[in-house]
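Undergrad: Predicted structure and sequence below. I'll ask about it afterward.
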Amino acid sequence: MPGVLIVEDDKELREMLKISLIRRNFTVFEAVNGKEAIIHFKPSITDLVITDLIMPEEDGLKVIIKLRELKPSIKIIAISGGGKAGPGSYLNLAKALGANALYSKPFSINDLIAKIEELLNNEQHT
Amino acid sequence: MLISDGNDYLRFLAKEKDISDQIINHSRSMISIINRDYIYEKINATFCNAHNVVIDSIVGKSCADVWGHETFHNIIKSNIDICFSGKTIRYEASFSTPQLAKRYFEVVFRPLSVETGEITHLLVETFDINDLRLSKQSVIDKEEELRKFETNLPIGFLRCDPDGKILHANKVFLNIMECHDEVSITTMNLKSFYPEESFFEMQYDQLIESHSKVFGRVSLKSCRGNEIPCRISGFLAFDESGTPSFIDFAVEDLSRELMLENRLLQAQKLETIGALAGGIAHDFNNILATISGYSEMLQDDLPKDSALSGKVSKIQSAVLKARSLTNQILTFSRQVEQEKIQINVSKVLKETIGFVKSAVPSKIIVKSRIRKKDANVFADPTQLFRVFLNLMTNAIQSMEEEGGTLSVNLTVVEGKLVQHELNKDIVSDEYVLLTFKDTGKGMEPSLINRIFEPFFTTREVGKGTGLGLSVIHGIITEMDGEILVSSKKEKGSVFYVYLPVSKKYPDFSGKRDKRKKILLITGDKHESRILSLALGNTDYELIYISDHGHLIKVMTYINERPDLVIYMSDSKQIQPEDLVDIFHRLNINTPCILITDPNQELLEEKLLNSGIVKQHLIKPVSLKEIRNAIQISLK
């Protein structure tokens, strides 16, 4: 069962993502912010990370950089809610830093899951 | 005086003569006495001194000898003759004497007569008026200086009496108060310019106390009845007896200052709202993501086509609508990144005008004048199109009932002008200025201030979110441009859009042209706008129109045929079958995606067999469905 780490500060949203992933037989790990994500990251059993970009205590960009350092083969999906810093610029930056996919809230959960499966399947093939 | 005898009389006469001689001699005027033979009989010391002569060289000589025959015959003789006929002659002359440089004199010829009344001699008195004249001239010069001061300073000056009757007003005051009849101003009373007469009384009382006072901001009423915001200062002068004699006022026109102040306040207000809204939008999107996620999960768990599934679909479309709304909010609060490229403004403007012209009712005329065809700006073309379309649509709507003219102009102005006009920092030395002028209903002054406010709308509930102009304002501001409006009720409005000219970046216009063009038609403006926002900014260029009735015109006259038409039908308007017929008649084979209401009875076969309708979707549709349908249809 592939392991997915969800990094998201909004409790309800995090819960919804967790439930939708569990339904599809993913093992889910949670972190409320970037700092927690980096501290509790388990490279051996985490295959993919979904991270929000704007959070208190270490924003998503740092998460992307750090986690990729810890596990170069990790797949990363960045999500952003707009406002504050502006979704466009952050998302593009996320891509530049190595995020595999970008989603702008509110996104289709089925799309997201399809993407996760795609990214993980590709890994299996290579 | 009592004269006792002949000797006394003679002595009196001698004494009198002596005194009169002394008077003549000591007079500061040059005095001479001439007889009927034009001969000098007497001159005084002042005369001698002034001309640097001795008495004997003049007395006994004729005027001709003294002044020269020519001067005598041309000038002096006639004066003397007139004087001998009984008339006193007085004139001013300037001449230099051996002793003095050129000075001004007053010359008087006075006839002298004896007891019999016969004029035997005349008295020529030449009085030095140089100093008098100089000081007169000085006074005139000072007056002139004051007048210049009064004319050049851009402040209105006026003087009135204690009752308010205007004694004098300068040109600036007349201009400020929109009075163009200088003569009549002195028949006017200052009180008539005040909102109420008591105002003047109040100011007068304050002046009695403090003599001079800055009254601050007062709204005056101009000769044309307009309200002019002014700053007024006054000074009350008293005469020697302590009675108030006149009041001097300085009147400054504050219109421009107030306008700039207002604009600053508006900008700050929008910034605040923007920051607030942006912050809310962020959290909002999180909540929407949660709703969206769970409703999708619900969908997965429910049998397709079930009633429950249909309801969940509705939740999803609501989420989509909410999402585009938050996007609009983010746009107006300038937090959405757009895809900016260097584009030719006149090209986009022309496209928009062409588009609008074809869809506009005949009683509205659209005129355009593009003075600079090659001006580029750095902007998102879809956003720019949206700005132009929105402004033109607003203009057309204001002329819906009576018809009218929409004039669109494009020119390029100097950055310095922009800096001065708008009082803001400029980012380019040239700016594109677009004006959108209509002859429609116009707006009340109180409304003008608020039209760029988000959620402010004058339309009925349900007809428009009120976000249009605030989004436009956000887009323009994000481009470092500026949008201004002036309007007069019943006359119309003018929107001025300033955009910095961009010269730095390479031209990526080729990129834009490769995108597919989609024409979106719905019956609901609101729906169109939101859908276009939601679907736009991706891989296609989306144009929308909201009136089915103009579809034919658009399809016939639009310059570039779209690659795809998305037709969201409203059962009250054109029936889809009719649409197909229309397309056939016009030889249009643009593929079409039809989106209809679930309850519409349609000739399905006819539609799908027509070859035009590639996809038929039933409402409610999700963005995903539309996107999929677009992808399939464009293949």
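TA: Looks like it arrived, so ask away.
Undergrad: from here on, contacts and neighbour counts on C-alpha atoms
TA: OK.
Undergrad: for chain A, longest helix please?
TA: helix A:109-125 (DSSP state H).
Undergrad: from the middle of its chain, how far away would that one be?
TA: 12 Å (CA atoms, centre = their mean, to the nearest Å).
Undergrad: by contact count, what packs against it?
TA: Contacts defined by 3 or more CA pairs under 8 Å, 6 or more residues apart in numbering or on different chains; DSSP states H and E place helix A:109-125 against helix A:11-23, helix B:255-301.
Undergrad: Would you mind getting the angle between the longest one and helix A:109-125?
TA: Read that as helix B:255-301. With axes from the mean of the first three to the mean of the last three CA atoms, to 10 degrees defining the directions, helix B:255-301 sits at 70 degrees from helix A:109-125.
Undergrad: what do you get for the first one?
TA: Helix A:11-23 runs at 50 degrees relative to helix A:109-125, counting by the same axes, to 10 degrees.
Undergrad: residues of helix A:11-23 that come out buried?
TA: Buried residues in helix A:11-23, counted by 16 or more other CA atoms under 10 Å in any protein chain shown: A:13-14, A:16-21.
Undergrad: So which elements touch it?
TA: On a contact count with 3+ CA pairs under 8 Å, 6+ apart, helix A:11-23 meets strand A:3-7, strand A:27-31, helix A:109-125, helix B:255-301.
Undergrad: Quick one: mean pLDDT over the third one.
TA: The one in question is helix A:109-125. When pLDDT is averaged over helix A:109-125, the result is 84.
Undergrad: okay, and the helix or strand of chain A with the least pLDDT?
TA: Counting by mean pLDDT, DSSP states H and E, the weakest-scoring helix or strand in chain A turns out to be helix A:87-96, with a mean of 52.
Undergrad: roughly how far apart are residue B:355 and residue B:517?
TA: 13 Å (CA to CA, to the nearest Å).
Undergrad: could you say which helix or strand contains the nearest residue to residue B:204 once chain neighbours are set aside?
TA: Excluding the flanking residues, the one nearest residue B:204 by CA to CA, 6 or more residues apart in numbering or on different chains is residue B:162, at 7.7 Å. Residue B:162 belongs to no helix or strand when assigned by DSSP states H and E.
Undergrad: Residue B:162 touches residue B:238, doesn't it?
TA: No - in this structure, residue B:162 is not within contact of residue B:238 by CA atoms under 8 Å, at 10.2 Å.
Undergrad: got any residues that touch both of the two?
TA: Shared contacts of residue B:162 and residue B:238, defined by CA atoms under 8 Å, 6 or more residues apart in numbering or on different chains, comprise B:244-246.
Undergrad: Return the residues in contact with whichever residue of chain A sits closest to chain B.
TA: Nearest residue of chain A to chain B: residue A:106, at 4.0 Å (CA to the nearest CA). Residues in contact with residue A:106 (CA under 8 Å, 6+ apart) are A:81, B:285-286, B:288-290, B:292, B:323.
Undergrad: which SS class is it?
TA: Assigned by DSSP: H, G, I helix; E, B strand; the rest coil, the conformation of residue A:106 is coil.
Undergrad: re earlier: in terms of neighbours, single out the busier of residue B:162 and residue B:238.
TA: Using other CA atoms under 10 Å in any protein chain shown, the more surrounded residue of residue B:162 and residue B:238 is residue B:162, with 17 against 14.
Undergrad: what's near enough to touch that one?
TA: Shown in contact with residue B:162 (CA under 8 Å, 6+ apart): B:204, B:244-247.
Undergrad: just residue B:156 next, same as before
TA: Going by CA under 8 Å, 6+ apart, residue B:156 touches B:150, B:169-174, B:176, B:249-252.
Undergrad: ok so, going back, buried ones in the longest helix of chain A, by neighbour count?
TA: A:109, A:112, A:116, A:119-120.
Undergrad: circling back to that earlier point, now do the residue nearest to residue B:204, the pLDDT please.
TA: As predicted, residue B:162 sits at a pLDDT of 93.
Undergrad: Quick check: the gap between it and residue B:203.
TA: For residue B:162, the distance to residue B:203 (CA to CA) stands at 11 Å.
Undergrad: And residue A:23, by the same measure?
TA: Counting by CA to CA, the gap from residue A:23 to residue B:203 is 81 Å.
Undergrad: now swap in residue B:196 and tell me
TA: Using CA to CA, residue B:196 is found at 12 Å from residue B:203.
Undergrad: so how far is the helix or strand harbouring residue B:135 off the chain centroid?
TA: Of the helices and strands defined by DSSP H and E, residue B:135 is found in helix B:130-152. Between the centre of helix B:130-152 and the centre of its chain there are 36 Å (CA atoms, centre = their mean).
Undergrad: How about that helix, which residues are buried there?
TA: If you call a residue buried by 16+ other CA under 10 Å, then helix B:130-152 has these buried ones: B:150-151.
Undergrad: ok so, going back, out of the contacts of residue B:156, list just those in helices.
TA: Under the assignment DSSP H, the contacts of residue B:156 contribute B:150, B:171-174, B:176 to helices.
Undergrad: What about the residue nearest to the residue of chain A closest to chain B when sequence neighbours are not counted, how many residues nearby?
TA: Sequence neighbours aside, residue B:289 is the residue nearest to residue A:106 in space, at 4.0 Å (criterion: CA to CA, 6+ apart). By other CA under 10 Å, 25 other residues sit near residue B:289.
Undergrad: Which residues are in contact with residue B:289?
TA: Each residue near residue B:289 by CA under 8 Å, 6+ apart is listed here: A:13, A:105-107.
Undergrad: Residue B:24: which of the buried residues of helix A:11-23 is nearest?
TA: residue A:13 (118.9 Å; CA to CA).
Undergrad: what's the nearest residue to that closest one once chain neighbours are set aside in contact with, if anything?
TA: Residue nearest to residue A:13 in three dimensions, not counting chain neighbours: residue B:290, with 5.0 Å by CA to CA, 6+ apart. Counting by CA under 8 Å, 6+ apart, residue B:290 touches A:12-13, A:16, A:106.
Undergrad: Now pLDDT too, for those residues, in CSV please.
TA: Formatted as CSV, the contacts of residue B:290 follow (pLDDT from 0 to 100):
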residue, pLDDT
A:12, 91
A:13, 92
A:16, 94
A:106, 84
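Undergrad: so how far is chain A from residue B:308?
TA: Relative to chain A, residue B:308 is positioned 19 Å away (CA to the nearest CA, to the nearest Å).
Undergrad: Hmm, I typed the wrong one, I wanted residue B:162.
TA: Distance from residue B:162 to chain A, counting by CA to the nearest CA: 62 Å.
Undergrad: Then residue B:47?
TA: Separation of residue B:47 from chain A (CA to the nearest CA): 98 Å.
Undergrad: do the same with residue B:216
TA: As for residue B:216, its distance to chain A is 42 Å (criterion: CA to the nearest CA).
Undergrad: That residue: helix or strand, and which one exactly?
TA: Secondary structure from DSSP H and E places residue B:216 in strand B:212-221.
Undergrad: got the buried residues for the next helix or strand after that strand?
TA: Using DSSP H and E, the helix or strand that follows strand B:212-221 towards the C-terminus is strand B:227-238. Neighbour counts over strand B:227-238 (16+ other CA under 10 Å) mark B:227-237 as buried.
Undergrad: Show me what the most centrally placed residue in chain A is bridged to.
TA: Geometric centre of chain A, nearest residue: residue A:50, 1.2 Å, by CA atoms, centre = their mean. As for beta bridges, residue A:50 partners with residue A:6, residue A:77 under DSSP bridges.
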